[in-house]
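Trainee: starting from these lines, generate the structure:
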Amino acid sequence: MHELAAKYFGEDGGNQLINVINNKDLKSKICKNILRDLAEWFGIESSTKAYIEGVRDKLFIAYKEKGEYVGFVSLEETSEISCDMYVLGVLKKYHKTGIGTKLINFIEGEAKKLGKTYITVKVLSDSHPCENYQKTRRFYNKNGYRMLEELKDLWGEDNPCAYCIKELHPSRIIDITENLRLRNNKSDFSEKKGMEHKEQIWVVSKVL
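Mentor: You can find the predicted model right below:
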């Protein structure tokens, strides 16, 4: 079992809307069924087959609607501080229903529990004219992912890759300054000392 999935046990495919899948064959089956429905995005057969096989040893989250798996996302650990969104897909008839965002929110929550600070995702770059991937980039942008760099050689010159990233703990600064503010309120400082302490809070927030 993959390290990221090791803490999940029990039967796969419960009645919940979002399910953690551990069974490798079921992972591949769900991935295959959904990616085959998304030929406009996953039109390179060798890449599609690689995803179907690759999800088997990765954390795999599936979304079930009316007894059918209609979406999934797979996460791969890439370093002590980061994970990569290996592949995500939602059946076309369920596009624009919020399922993709729910899957992202869930997987980001799991990454935070594992102590990760960043999630990356790779999509076709905007230097490619594909209209479908324009929608994909807007989707990830709406969910807080920003392009870090364009990788022109990763998928070949005809398929430039946009390497995107999202920081999972941007609220950490707010939490730290809020804790300092509360501590300041409890202290019996003079007004002058209080002002100095607020300045320290501002400095901490700027540094972090």
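Trainee: the helices in this protein, which residues?
Mentor: Along the chain, the stretches classed as helices by DSSP state H are 24-36, 45-54, 99-113, 131-142, 172-186, 191-207.
Trainee: mind listing what's buried along the second one?
Mentor: Buried residues in helix 45-54, counted by 16 or more other CB atoms under 10 Å: Thr48, Tyr51, Ile52, Gly54. Heads up, the C-betas are built off the backbone N, CA and C, glycines and all.
Trainee: which pLDDT does the model give the residue nearest to the second one when sequence neighbours are not counted?
Mentor: It stands for Tyr51. The shortest distance from Tyr51 to any residue other than its chain neighbours is 4.8 Å, reached at Val87 (CB to CB, 6 or more residues apart in numbering). Listed pLDDT for Val87 reads 97.
Trainee: which residues does Val87 bridge with?
Mentor: Ser74 (DSSP bridges).
Trainee: was I right to think it contacts Cys31?
Mentor: Yes. Using CB atoms under 8 Å, Val87 is in contact with Cys31, at 7.1 Å.
Trainee: burial count for the residue lying closest to Gln134 once chain neighbours are set aside?
Mentor: Spatial nearest neighbour of Gln134, excluding adjacent residues (CB to CB, 6+ apart): Asp126 at 7.1 Å. Neighbour count for Asp126, taken as other CB atoms under 10 Å: 14.
Trainee: go ahead and confirm Asp126 touches Ala162.
Mentor: Yes. Using CB under 8 Å, Asp126 is in contact with Ala162, at 6.7 Å.
Trainee: shared neighbours, these two?
Mentor: Common neighbours of Asp126 and Ala162, using CB atoms under 8 Å, 6 or more residues apart in numbering, are Arg137.
Trainee: where does the chain dip in pLDDT?
Mentor: Residues of the chain that meet the criterion pLDDT under 70 lie in 1-16, 127-129, 170-208.
Trainee: where do the domain boundaries of it fall?
Mentor: With domains defined by automatic domain parsing, the chain comprises 3-167, 172-207.
Trainee: most tightly surrounded among those domains?
Mentor: Comparing those by mean neighbour count (mean count of other CB atoms under 10 Å), domain 3-167 ranks first with a mean of 16.
Trainee: chain center to it: distance?
Mentor: When C-alpha coordinates are averaged (CA atoms, centre = their mean, to the nearest Å), domain 3-167 and its chain have centres 8 Å apart.
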